[in-house]
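1. have a look at this fold, sequence not included:
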């Protein structure tokens, strides 16, 4: 399956919440897509269906394919700690996600493109792999020749969120990955325990 590039509002309506952030189109029609979406009455979703939906939601939010997601879960289950929380920490430490969290890009899709097009460096070395796993202490910066790109300057100028696990230096256009985030510091509305239950079967 290729990465989803279709209408984001349609996916948000599928999950009954604006998973990609504020969405005026979703606010107008906050129900399932399709001509019968508003009046559709389905039976109670099975336990498996609920777990699967939660996993699909996480994949859409972070833009991760099934194979990558499985690998991340396998790595999380090997590490110590609560598997669900470790899974989210691994996902949050992906380079494309951190570029988005730092405010260098306005969306994860945009962050993925910036990384792929070699505009981002880690510890001074250009990295063009969006799924690159960062380690504590890594420095993520915009390449010198890319600092004047309009898409980057606009995103940085409008950045609003600050996270305890990331440090931002506006003068250098660089950020530091301080540590893996605590679950309380991850704002995404994901019930990671349902994902763990799904993969544990």
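-> All right, it came through fine. This is a predicted model, so every value here is computed, not measured.
2. any idea how the chain splits into domains?
-> When the chain is parsed with automatic domain parsing, its domains come out as 8-90+189-199, 94-179.
3. tell me, which of the ones you listed is the model least confident about?
-> If those are sorted by mean pLDDT, domain 8-90+189-199 sits at the bottom with a mean of 86.
4. mean neighbour count added to the domains of the chain, as a markdown table?
-> Placement of C-beta: from N, CA and C, glycine included. Putting the domains of the chain into a markdown table (neighbours: other C-beta atoms under 10 Å) gives the following:
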| stretch | mean neighbour count |
| --- | --- |
| domain 8-90+189-199 | 15 |
| domain 94-179 | 17 |
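5. for the nearest residue to residue 102 once chain neighbours are set aside, which three-state class applies?
-> Excluding the flanking residues, the one nearest residue 102 by C-beta to C-beta, 6 or more residues apart in numbering is residue 175, at 4.1 Å. Of the three states, residue 175 takes strand under DSSP: H, G, I helix; E, B strand; the rest coil.
6. this protein: helices as residue ranges?
-> 8-14, 24-28, 47-62, 66-78, 83-92, 95-102, 108-116, 150-157, 192-199 (DSSP state H).
7. still on that earlier bit, so the residue nearest to residue 102 sits right up against residue 165, yeah?
-> No: with contact defined as C-beta atoms under 8 Å, residue 175 does not reach residue 165; the gap is 10.5 Å.
8. for residue 145, which residues are in contact?
-> Neighbouring residues of residue 145 by C-beta atoms under 8 Å, 6 or more residues apart in numbering: there are none.
9. how about residue 181?
-> Taking C-beta under 8 Å, 6+ apart as the contact definition, residue 181 lies against 88, 89, 92, 163, 164, 165.
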